[in-house]
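Peer 1: Structure, please.
(chains A and B)
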Amino acid sequence: MEHTVRGKKKLKELVINRDWCKGCGICVSFCPKKVLELDSKDKAIVVRPEDCISCKLCELRCPDLAIEVLTEEDND
Amino acid sequence: MAVKDYLRERFFPHMWCPGCGHGTVLNALLRAVEELQLNKNDIVMTSGIGCSARISGYVDFHSLHTLHGRALAFATGVKLSKPDLKLLVPMGDGDALAIGGNHFIHACRRNIDITAIIMNNRIYGMTGGQFSPLSGPDKKATTAPYLTIDAEFDIVEVSKAAGATFVARSTTYHVKEATEMLKKAISHKGFSVVEILSQCPTHYGRKNREGDAVQMMTGYRDNTAKLGSKALADNPSLIPRGIFVDQARPEYCQEYDNIIAKASRNRAA
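Peer 2: The predicted structure is shown next:
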């Protein structure tokens, strides 16, 4: 397991609650790996999950509490 | 417990505008509460009036949505009657320092164990963008079409002067730092103030050409610096972030208990 190495958490799923997302673009703009984009309905979507480093900054900054970054460690 | 367990999900999506910083403050506050492993039955949130005050409806704590500027007065009452409860009082800049200015300075002076969170967006958003005592000079507002002439308060300096024993400042961009400050403030025994700069893209941002939420947050990144950092020493015009005061002073509820004990002894004698 990689869990002893800091910052090496593996992404399991990036969940976006489309009913809560208001499309402000904060997650899209501040993602260090440009994993997210806004779709035609101005809702955040995951376009490059393979690039995600699970820093969770999108989840922490989301003003709509619409993002959850699930990592392999969060299995419980 | 997960963050969502502290939410009243039935009221979501919330009523704040797209990109409003207040949602990020709620996010940071819930994480602070979660990381401190507080029981939600031990937390009371009181709030006043305004966009910021709506936060008390979204959290699954005990909550009191009270009068404009009077959230701290209600919190003082709750705390004195049930000193074991944790009191969280989120306020807007106008709610805390204009309408509630007197309650604010006297709560600081008493050093009662309450955590005040000031979500400073420098404007009255809910009523349509009137300038507040935090707007500062040369700003456009509905009530200042030819720009404001009033100087702004410095929340940190006001809190320090009034006697708060924990004073900190962060922004919605620095969300991890804000969460850490909130954790320290909640754990602090005494009156703590955490100012979080929170963008209002709808009114303040649009009227003052500061752009959308992302641009305003980028501004927080570029125009603030950590207390004691080289960046701040090189450029003192930056807004300092960090913990400005963290000291111990007798707490109000404890002093009140001492007075009760003293009075009871006198009566028994």
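
Peer 1: hey, let's count contacts and neighbours off CA atoms from now on
Peer 2: Fine.

Peer 1: In terms of helices and strands, where is the residue in the stretch 101-250 of chain B that chain A sits nearest to?
Peer 2: Of all residues in the stretch 101-250 of chain B, the one sitting closest to chain A is residue B:214 (5.6 Å; C-alpha to the nearest C-alpha). In the assignment (DSSP states H and E), residue B:214 maps to helix B:213-223.

Peer 1: Same check on residue B:87?
Peer 2: Element membership of residue B:87, judged by DSSP H and E, is strand B:86-92.

Peer 1: roughly how far is that strand from the heart of the chain?
Peer 2: 6 Å (C-alpha atoms, centre = their mean, to the nearest Å).

Peer 1: Give the other helices and strands that that strand contacts.
Peer 2: Applying 3 or more C-alpha pairs under 8 Å, 6 or more residues apart in numbering or on different chains; DSSP states H and E, one finds that strand B:86-92 contacts strand B:43-47, helix B:71-81, strand B:115-120.

Peer 1: So which of those is nearest residue B:146?
Peer 2: strand B:115-120 (22.6 Å; C-alpha to C-alpha).

Peer 1: Let me know whether the closest one sits next to chain A.
Peer 2: No - for strand B:115-120 and chain A, the contact criterion (C-alpha under 8 Å from any C-alpha of the partner chain) is not met; the two come no nearer than 13.2 Å.

Peer 1: How about the residues of chain A by chain B?
Peer 2: Checking chain A against chain B by C-alpha under 8 Å from any C-alpha, the hits are A:19-26, A:29, A:60-65.

Peer 1: Helix or strand for the closest residue to chain B within chain A, just tell me which one.
Peer 2: Using C-alpha to the nearest C-alpha, the closest approach of chain A to chain B is made by residue A:63 at 3.8 Å. Under the criterion DSSP H and E, no helix or strand holds residue A:63.

Peer 1: ok, it - contacts?
Peer 2: Each residue near residue A:63 by C-alpha atoms under 8 Å, 6 or more residues apart in numbering or on different chains is listed here: B:18-27.

Peer 1: Output those of the residues you listed also counted as contacts of chain A.
Peer 2: Applying C-alpha under 8 Å from any C-alpha to the contacts of residue A:63, one finds that B:18-27 fall near chain A.

Peer 1: Of the residues you listed, just say which sits nearest to residue B:140.
Peer 2: Using C-alpha to C-alpha, the ones next to chain A among the contacts of residue A:63 come closest to residue B:140 at residue B:20, 18.7 Å.

Peer 1: How many residues are close by the closest one?
Peer 2: Using other C-alpha atoms under 10 Å in any protein chain shown, residue B:20 has 24 other residues around it.

Peer 1: I'd guessed it sits against residue B:212; true?
Peer 2: No - in this structure, residue B:20 is not within contact of residue B:212 by C-alpha atoms under 8 Å, at 9.7 Å.

Peer 1: Pick the most buried one from the helices and strands packed on strand B:86-92.
Peer 2: Stretch with highest mean neighbour count among those: strand B:115-120 (a mean of 27; mean count of other C-alpha atoms under 10 Å in any protein chain shown).

Peer 1: Perfect, that will be all.
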